[in-house]
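Trainee: Attaching a predicted model along with its sequence, questions to come.
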Amino acid sequence: MHKRILVIEDERDIAELIRLHLDDLGFAVTITGDGNVGLQKASAGAWDLIILDLRLPGMDGLEICRRLRQDSSSVPVLMLTSKSSELDRVVGLEIGADDYVTKPFSVLELTARIKAILRRAELSRQSSAEQKGEVQAGCVTVDPTTRGATIRGESIELTAKEFDLLHHFAANPGRVFRRLELLDSVWGYGHDGYEHTVNSHINRLRAKIESDPSHPELIVTVWGVGYKMNVATMQRAGA
């Protein structure tokens, strides 16, 4: 079955160039140039990937990505940005985009990024299928099949990346992860300079799972290194 890709890009020449090359790779491509229509299509369809320009009429790409992640959509998102919009790239990654390509881009780079994202998504699905049953770590329970999580027996609402981050920690309790390691394992890339993406997601995750986020006990900072899930605290909390 063909992979379904939604391209939300208002520059028609760029959109058609993307379609041309993705058609050659056997993908089924749908294009829209309006942000509001793009969000409707993104929310209504079963897409394997969304290619999302950040500068759009109607609704910008950052807001589209934010709303998709608020709705717990885990569809991969590849952002298209200009070289001058580093802040937008940072914000986009922090709210849940999977990767970005800067304009002007080479077709080879774009297709390589697309293949890498789709490959990671397939590996993630296979991993979830293989990991049948829940991951239990003290008071934390994570179910990769339903993508549901509970803390101290209470269900919590997590975005796709927050869930992936919690699952990664729960599956490796006590192990210390550097920020670049988390970027590589959870986001699928290790861009230097984007470690703060990990920091912001950790802070949002703590706000949902910690009794006192200002004094975290479950996911703790190992100063000068990174983060870990605190085994001793979890065992006391889960007792």
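Mentor: Sure, I can see it.

Trainee: Quick check: pLDDT value at Val135.
Mentor: Looking at Val135, its pLDDT stands at 81.

Trainee: in the protein, which spans are strands?
Mentor: For the chain, the strands defined by DSSP state E occupy 4-8, 28-32, 49-53, 77-82, 99-103, 135-137, 140-143, 148-151, 154-156, 177-178, 219-222, 226-229.

Trainee: most tightly surrounded among those strands?
Mentor: strand 49-53 (a mean of 25; mean count of other C-beta atoms under 10 Å). (C-beta placed from N, C-alpha, C; glycine too.)

Trainee: excluding its backbone neighbours, what's nearest Lys208?
Mentor: Nearest non-adjacent residue to Lys208, counting by C-beta to C-beta, 6 or more residues apart in numbering: Ile156, 5.3 Å away.

Trainee: Mind listing the residues bridging to that neighbour?
Mentor: Ala149 (DSSP bridges).

Trainee: Next, work out how far apart it and Gln70 are.
Mentor: Ile156 sits at a distance of 15 Å from Gln70 (criterion: C-beta to C-beta, to the nearest Å).

Trainee: Verify the stated contact: Gly33 with Arg55.
Mentor: No. Using C-beta atoms under 8 Å, Gly33 is not in contact with Arg55; the gap is 11.2 Å.

Trainee: Touching both of those two, which residues are there?
Mentor: Counting by C-beta atoms under 8 Å, 6 or more residues apart in numbering, the contacts common to Gly33 and Arg55 are Asp10.

Trainee: Can you verify my assumption that the residue nearest to Lys208 contacts Thr150?
Mentor: Yes. At 6.8 Å, Ile156 and Thr150 qualify as touching, with contact defined as C-beta under 8 Å.

Trainee: pretty sure Asp34 contacts Gly61?
Mentor: No. Contact criterion C-beta under 8 Å: Asp34 and Gly61 do not qualify, at 11.7 Å.

Trainee: mind checking how far Lys208 is from His201?
Mentor: Distance of Lys208 to His201, computed by C-beta to C-beta: 11 Å.

Trainee: any residues in contact with both of the two?
Mentor: With C-beta under 8 Å, 6+ apart, Lys208 and His201 have common neighbours Glu162.

Trainee: Those two: which is more packed in?
Mentor: His201 (23 against 15; other C-beta atoms under 10 Å).
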